[in-house]
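Chemist: Build me a model from this:
(2 chains)
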There are 2 protein chains.
Amino acid sequence: MSGVALRQDAARPLWAERVAGIPGSAIDSSTSLLQSQTHDIVRFAMGSPAPQAIPAQAFADAAAAVLSADQAAAFDYGPTEGERELRGELLRFLQGVHKRAPAEEELLITSGGMQGLDLTCKLFVDPGDLVAVESPTYTNGTAVITSYGGEVLEIPTDAEGMDVDRLEELGRARPPKLIYVIPNFQNPSGTTLSLARRRRLLELAGEWGSVVLEDDPYRELRFGGEWLPSLQELAPEGVTVVGVHTFSKILAPGLRVGWVSADAEIVAKMVDAKQGLDTCTNVPMQRLVAEFMRRGLLDDHLVAIREIYRSRKLDMQRALEEHFADLGAEWTDPEGGFFLWLTLPEGIDTQELFPIALREGVAYIPGPAFSASGRFANALRVAFSATSGERTELGVARLRRSVEAYLSER
Amino acid sequence: MSGVALRQDAARPLWAERVAGIPGSAIDSSTSLLQSQTHDIVRFAMGSPAPQAIPAQAFADAAAAVLSADQAAAFDYGPTEGERELRGELLRFLQGVHKRAPAEEELLITSGGMQGLDLTCKLFVDPGDLVAVESPTYTNGTAVITSYGGEVLEIPTDAEGMDVDRLEELGRARPPKLIYVIPNFQNPSGTTLSLARRRRLLELAGEWGSVVLEDDPYRELRFGGEWLPSLQELAPEGVTVVGVHTFSKILAPGLRVGWVSADAEIVAKMVDAKQGLDTCTNVPMQRLVAEFMRRGLLDDHLVAIREIYRSRKLDMQRALEEHFADLGAEWTDPEGGFFLWLTLPEGIDTQELFPIALREGVAYIPGPAFSASGRFANALRVAFSATSGERTELGVARLRRSVEAYLSER
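Modeler: All right, here's what the predicted structure looks like:
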């Protein structure tokens, strides 16, 4: 096939217009980039769980049960809305932790949380629609919005999450069709949207008729502070909230199993749309998760991994204190999740710093990846989830060495 | 959440415009529908492999190897382009069977063939673009096209597949941007595009600058007739062919693992787009398939399942001969794949027949599901893949009984 030229002329452009809105992800590309490196690299880049937090032994046991020789049905097509066993286990789990758990027809199993974001934008974002997002926000969230032709309206954030006064100010003249928000231990900042702001955001959504896309992969990973109700739980009558969730962060990302909770009418439309995306989510992994839950393993697992991440955040903050305090750098203090946000002194460009850091043996995601307009040149996202103790300290020391090399090379 | 009203007013429509082009799939919905039935139903509806054709024991063995307790990495995120081991095994396999196998950068692992169709339309179909399709054609193929705003141009087919003279005639005034074709043992008709027509179709694509979307899930399931080169193998310089493939039909659909072969530039764009769809294809199932192939099991498996499907097609044709010949019904004679196309006498509406058939204990997909304009009222798709022998005979006898009931109830 190689050498086949693409026919492209002005009269007949090859690519669809939306291709201009498909940027590719600096985060996902780093998986490939890092796999191709042969020297030792401390990985603060991907939002991967701690290897210790993946219940590989329990998965192996459950897999032996659900993928045995008499289980050919586990390999056939499944219903688009998800395997019945998994839906049942998940509903029971959600009824245990949520004040307002979804009903059966309000639940859709998805191929990871990413597909939930894609489906939501597919159903609600027309070309030219305005979508309000936190700034900084999750790279792939922005990418999905622009892939459907949406225009991104960046709302500043602080230690309490999206600044809703600024949302009101910036959205007043032309209200957003969709408000995309990651309320808990936000990606990338690690901050949490306060209760008062959750309420105000919902008020604005109600006034404007905006749909709220609540992307909440980390909720179960709170290791400090106070449990907060979700936007979906708080939503008054008439405000539409689509909740996007995943097993990626609490069990394992490779499973590619997540879920959406939304009004039944929205879920029904999502089922239609998902049939054209991937027919159904992979069946064996749905059954594996269902079996893991059926065995009653999830609750204890969550208790154990919260402790892992609490301790890893402290390791990271200790290392930053040691290697970055004298530089005047600042970092956030997450009460859960995987990430914190490191702001270096102005003038340090974290994109230019990146190849030096890679050479020194540490990887992260540069700040501008989290802003459609390329803000946050001197900031970066650090995942504290995948490393601990001395390894974390080594990575942070290498990062500081990279900064020194960067400053001396300028 | 229940009782939350959707806010919808003329000034601010809730749904994106494209939602009108997302019809939902009569095929996929039948999975759910059939699971909810409590009486015995012979299933000619879904394009599922024979249970005997799913190597459940080999999968169980391979799963024990790749999902063991020390394999936590099998559950982490993988590269968007696919797991290295699977890519390697697949390239070796394709080099064995194709004259023009893809190079490494021309290969993308997808979440089933469905995602390959979605990615192709995402990259190439703008709202209002014309897409030529076989009539009848695969329901979900049409659904993906319309979900991106494409307009479907139905090209008649006969025993040799798409009628390329009609394609030329219908496309001349306004050439299609994309030509969607299922060349081997087509879904739903079971027919195969002849070599002469493959060549002519590519000439037209070259003249018009149309991209060819070659959807080829059944190629390895030829059990009769003569092996034909793919459109991608035949494509002259300057003609872009995107090949969409899957393990769903040759191994198991529940895995949700497929692949696309295309020019490197297209694959690179697809990687960007896939990052916003589902990040990566589920990792454990990719490793399972890779391990199955690494153990050298695929070739013998293919030989064995071709024989299964050959025999099942004969069972189906024998039963049709017995129960439908006197009715003046006609059916196609596939040389591979899962399906044949049954045309009943005019005046029998297979959509009206469906609830009666379900009551009688047999399921199929009505003809109009395979036409954007609802043609083929008196035809239906029969999957011969999932049943054999007496079970097939029972289903066909029930179908005939349904027709009798339908005719007497009119």
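
Chemist: where does chain A dip in pLDDT?
Modeler: Along chain A, segments meeting pLDDT under 70 span A:1-13.

Chemist: other SSEs contacting the top helix by length along it?
Modeler: Ranked by residue count under DSSP state H, the longest helix found in chain A is helix A:298-324. Where contact means 3 or more C-beta pairs under 8 Å, 6 or more residues apart in numbering or on different chains; DSSP states H and E, helix A:298-324 is packed against strand A:330-331, strand A:339-343, helix A:389-409. C-beta here means a position set from N, CA and C on the backbone, and glycine is covered the same way.

Chemist: possible to save the ones you listed as TSV with mean neighbour count?
Modeler: TSV is the format used below for the helices and strands packed on helix A:298-324 (neighbours: other C-beta atoms under 10 Å in any protein chain shown):
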stretch	mean neighbour count
strand A:330-331	17
strand A:339-343	23
helix A:389-409	18
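
Chemist: and these as TSV, adding distance to residue B:85?
Modeler: Formatted as TSV, these follow (distance: least, C-beta to C-beta, whole Å):
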stretch	distance to residue B:85
strand A:330-331	38
strand A:339-343	30
helix A:389-409	26
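
Chemist: Of those, which is nearest chain B?
Modeler: With C-beta to the nearest C-beta as the measure, strand A:339-343 is the member of those nearest chain B (14.9 Å).

Chemist: could you point out which element follows the closest one?
Modeler: helix A:350-360 (DSSP states H and E).

Chemist: Report the distance from the longest helix of chain A to the chain centre.
Modeler: Here helix A:298-324 is found 18 Å from its chain centre; the criterion is C-alpha atoms, centre = their mean, to the nearest Å.

Chemist: ok, the longest strand seen in chain A near chain B or not?
Modeler: When secondary structure is assigned using DSSP state E, the longest strand within chain A turns out to be strand A:151-158. No. Contact between strand A:151-158 and chain B is absent, the nearest approach being 13.6 Å (criterion: C-beta under 8 Å from any C-beta of the partner chain).

Chemist: In its sheet, which strands sit next to the very next helix or strand once past that strand, and in what direction?
Modeler: Per DSSP H and E, strand A:151-158 leads on to strand A:161-162 as the next helix or strand towards the C-terminus. Sheet pairing of strand A:161-162 (DSSP bridges) gives strand A:151-158 (antiparallel).

Chemist: centre of the chain versus the strand it pairs with, how much separation?
Modeler: Strand A:151-158 has its C-alpha centroid displaced from the chain centroid by 17 Å (C-alpha atoms, centre = their mean).

Chemist: Can you point out the buried residues in it?
Modeler: A:151-155, A:157 (16 or more other C-beta atoms under 10 Å in any protein chain shown).

Chemist: farthest pair in those?
Modeler: Using C-beta to C-beta, the two most remote members of the buried residues of strand A:151-158 are A:151 and A:157, lying 19.0 Å apart.

Chemist: Please identify the residue of the stretch 51-200 of chain A positioned nearest to chain B.
Modeler: residue A:75 (3.5 Å).

Chemist: if I read this right, that residue contacts residue B:254, doesn't it?
Modeler: Yes. When contacts are counted by C-beta atoms under 8 Å, residue A:75 is listed as touching residue B:254 (4.2 Å).

Chemist: Give me the common contacts of these two.
Modeler: Residues within reach of residue A:75 and of residue B:254 at once, by C-beta atoms under 8 Å, 6 or more residues apart in numbering or on different chains, are A:283-284.

Chemist: Tell me where the stretch 1-150 of chain A has helices.
Modeler: A:26-35, A:56-66, A:84-97, A:112-124, A:139-147 (DSSP state H, counting those that start in this stretch).

Chemist: highest average neighbour count across those?
Modeler: Of all those, helix A:112-124 carries the top mean neighbour count, a mean of 27, counting by mean count of other C-beta atoms under 10 Å in any protein chain shown.

Chemist: Can you give the distance from that one to the centre of its chain?
Modeler: Worked out by C-alpha atoms, centre = their mean, helix A:112-124 lies 12 Å from the chain centre.

Chemist: So which other helices or strands are in contact with it?
Modeler: Going by 3+ C-beta pairs under 8 Å, 6+ apart, helix A:112-124 lies up against strand A:107-110, helix A:139-147, strand A:178-181, strand A:211-215, strand A:241-246, strand A:258-261, helix A:264-275.

Chemist: Can I get that helix in PDB, CA atoms only?
Modeler: This file holds the C-alpha atoms of helix A:112-124, laid out as PDB (Å, rounded to 0.1, in the frame of the first residue of the first chain):
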ATOM      1  CA  GLY A 112     -14.400   3.600  29.400                       C
ATOM      2  CA  GLY A 113     -15.300   7.100  30.500                       C
ATOM      3  CA  MET A 114     -13.900   8.500  27.200                       C
ATOM      4  CA  GLN A 115     -16.800   7.000  25.300                       C
ATOM      5  CA  GLY A 116     -19.200   8.700  27.800                       C
ATOM      6  CA  LEU A 117     -17.700  12.100  26.900                       C
ATOM      7  CA  ASP A 118     -17.800  11.200  23.200                       C
ATOM      8  CA  LEU A 119     -21.500  10.200  23.400                       C
ATOM      9  CA  THR A 120     -22.500  13.300  25.300                       C
ATOM     10  CA  CYS A 121     -20.900  15.600  22.900                       C
ATOM     11  CA  LYS A 122     -22.300  13.700  19.900                       C
ATOM     12  CA  LEU A 123     -25.800  14.100  21.300                       C
ATOM     13  CA  PHE A 124     -25.600  17.700  22.400                       C
END
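
Chemist: That helix to helix A:139-147, inter-axis angle?
Modeler: Using axes from the mean of the first three to the mean of the last three C-alpha atoms, to 10 degrees, one finds that helix A:112-124 and helix A:139-147 are set 20 degrees apart in direction.

Chemist: which parts of the stretch 101-250 of chain A sit against chain B?
Modeler: A:102-103, A:106, A:111-112, A:114-115, A:117-118, A:122-126, A:129, A:140, A:143-144, A:147-148, A:177, A:209, A:211, A:232, A:235, A:237-240, A:248.

Chemist: Deepest in the core, which of the helices and strands packed on helix A:112-124 is it.
Modeler: When those are scored by mean count of other C-beta under 10 Å, the highest mean neighbour count falls to strand A:178-181 (a mean of 29).

Chemist: chain center to it: distance?
Modeler: With C-alpha atoms, centre = their mean as the basis, strand A:178-181 stands 14 Å off its chain's centre.

Chemist: strands paired with it, and their directions?
Modeler: strand A:130-135 (parallel), strand A:211-215 (parallel).

Chemist: quick check, distance from the longest one to the centre of its chain.
Modeler: Strand A:130-135 sits 15 Å away from the centroid of its parent chain (C-alpha atoms, centre = their mean).

Chemist: now the last one
Modeler: Between the mean C-alpha location of strand A:211-215 and the chain-wide mean there is a distance of 13 Å, by C-alpha atoms, centre = their mean.

Chemist: what's next to the very next helix or strand once past it, contact-wise?
Modeler: Downstream of strand A:211-215, the next assigned helix or strand under DSSP H and E is helix A:231-234. Residues outside helix A:231-234 that contact it (C-beta under 8 Å, 6+ apart) are A:98-100, A:181, A:183, A:198-199, A:201-202, A:212, A:214, A:241, A:243, A:261, B:1.
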